[in-house]
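A.B. asks: 3D model of this:
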Amino acid sequence: MPYQLLLGNPESNTHTSFGVLTASAPMLKPPYFPAIVAIHAGQHMTISSIIRNNDDIYDWAYSIVTEVRDSQGITLMIHFESGLARAHNQSEAAVSWQPKQPGRYELRTFAISGLDSPQILSRVNSSNVVIQDANNNCDQSLWQNVYGPDRLKKIDECISVTGLIRTIKAENDGDYHVLIKLDSEYAELINQENVKNQNGNLVVEPICQRPTSQRSVIAACHSFNGTHMEIPAVGSRVKVTGSYVLDINHGGWAEIHPATSIVLIERPEADNNTMPPPSPQEELRFLSIDINFAHNPIVRGKSQTITVIVTDANTGDKIKDAMVNGTVTYASGKTTKSIDQMTDVNGQVTYTWTIGADANPGIFTANVTISAPEYQDASKSSFFTVLSNS
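C.D. replies: Numbers count the residues shown, from 1 in each chain. Okay, the predicted model is just below:
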């Protein structure tokens, strides 16, 4: 049965004690961990709020009111907890909650003087939370085909979100890069790296969706047995299900990767048809590569440094976080050195090693292949001469 709270509107209270306390916006915490991202129906949670006494002189006795409302504004739970707020100090108030059904909920907290002739001591603070369906189905076998899984910090194995598709781009690692403008109830899934680098959108990546020439990805996708998705058109409202991760190689922006499904909820008004993913030729741009040697020629037994610089072929902009895969082949024909690094903020990779004193003199060859999101793979070779000691 819904509850009814007969305290009037705290915001309109004019009693002199109003505002003497501050109750922070409530947040959810699991019993054994300091923070959570996704909450599933049936989980035991703690609703926590910090009570601060703004009075520098007097202690104040209080009852903290914690309220849970559903998406229709109906109060489903209300809890009173009494305490004493010491002068110019703060304490935590917490109440246990086990959401039964998935959906959107509003959590509200404020402080009153007590249950007898209550006076309002603080403003109402509230926060919105989304409870996930415990029956969300994520295909965890997709992780076997994720290229470089160590670069992804797994936060939640399976969540579902809704929002609008902003862009769809083909990546040269075989994935699609889908940007989703999340509905407001999922806003907390976005971090500052998403704001800075993805215009505040969530990155969604269906993996192994198209052929690739990137060697390390070919191996990862060789056994792929998942779904080849038909991605709805840009502007469509969709439900996305998959693993929620942070991409460490890109500053820790938030992604759903790998995505298990992207399900159409509502088509864009101007488009009644599903739009197939864009072709790589329409989406990918081109890279320019410079290979520089610290010494050319160089005497064997000395240290050599190779610097690879990656830029946009059209604009000249330095490309950060491009993958550089390379080899150095000695004059003997034996490949003895490998380069596998990401470019820095200046679009550069440097590699230093010592050429053996007994290496055959002659022409040494450096071969590099570059992969970067939204760019066509590029390759280049360059040469330097190694001289004998004499």
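A.B. asks: What residue spans form the domains of the protein?
C.D. replies: 10-131, 140-283, 287-387 (automatic domain parsing).
A.B. asks: Can you lay out the ones you listed as CSV showing mean neighbour count and mean pLDDT?
C.D. replies: (Glycine included, C-beta is placed from N, CA and C.) As requested, the domains of the chain are exported to CSV (neighbours: other CB atoms under 10 Å; pLDDT from 0 to 100):
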stretch, mean neighbour count, mean pLDDT
domain 10-131, 16, 83
domain 140-283, 18, 84
domain 287-387, 16, 88
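A.B. asks: mind listing the helices for the chain?
C.D. replies: 192-197, 215-221, 280-283 (DSSP state H).
A.B. asks: Just send the ones you listed back as TSV, with distance to residue 377 too.
C.D. replies: Putting these into TSV (distance: least, CB to CB, whole Å) gives the following:
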stretch	distance to residue 377
helix 192-197	22
helix 215-221	10
helix 280-283	10
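A.B. asks: now for these, which one comes closest to residue 258?
C.D. replies: helix 215-221 (10.9 Å; CB to CB).
A.B. asks: contacting residues for residue 384?
C.D. replies: For residue 384, the contacting residues are 293, 295, 296, 297, 298, 304, 363, 364, 366, by CB atoms under 8 Å, 6 or more residues apart in numbering.
A.B. asks: nearest to residue 263, of those residues?
C.D. replies: Taking those together and measuring to residue 263 by CB to CB, the closest member is residue 366, at 47.1 Å.
A.B. asks: Name whatever forms a beta bridge with the closest one.
C.D. replies: Counting by DSSP bridges, residue 366 is bridged to residue 328, residue 382.
A.B. asks: That one and residue 291 touch, don't they?
C.D. replies: Yes - between residue 366 and residue 291 a contact is recorded at 5.8 Å, counting by CB atoms under 8 Å.
A.B. asks: so what sits against both of those two?
C.D. replies: In contact with both residue 366 and residue 291: 306, 381, 382, using CB under 8 Å, 6+ apart.
A.B. asks: list the contacts for the first one?
C.D. replies: It refers to residue 306. When the contact criterion is CB under 8 Å, 6+ apart, the partners of residue 306 are 291, 292, 293, 294, 326, 328, 339, 350, 351, 352, 366.
A.B. asks: Now intersect the residues you listed with the strands, please.
C.D. replies: 291, 292, 293, 326, 328, 339, 350, 351, 352, 366 (DSSP state E).
A.B. asks: Relative to residue 65, which of these is nearest.
C.D. replies: Distances from residue 65 to the ones in strands among the contacts of residue 306, taken by CB to CB, are shortest for residue 350, at 60.4 Å.
A.B. asks: Specify the beta-bridge partners of the closest one.
C.D. replies: Bridge pairing for residue 350 - DSSP bridges - gives residue 307.
A.B. asks: That one and residue 307 touch, don't they?
C.D. replies: Yes - under the criterion of CB under 8 Å, residue 350 is in contact with residue 307, at a separation of 5.0 Å.
A.B. asks: where do the strands sit along the stretch 51-200 of the chain?
C.D. replies: 60-69, 75-85, 90-97, 103-112, 125-132, 152-170, 176-182 (DSSP state E, counting those that start in this stretch).
A.B. asks: what's the closest of those to residue 235?
C.D. replies: Using CB to CB, the strands of the stretch 51-200 of the chain put strand 152-170 closest to residue 235, at 6.5 Å.
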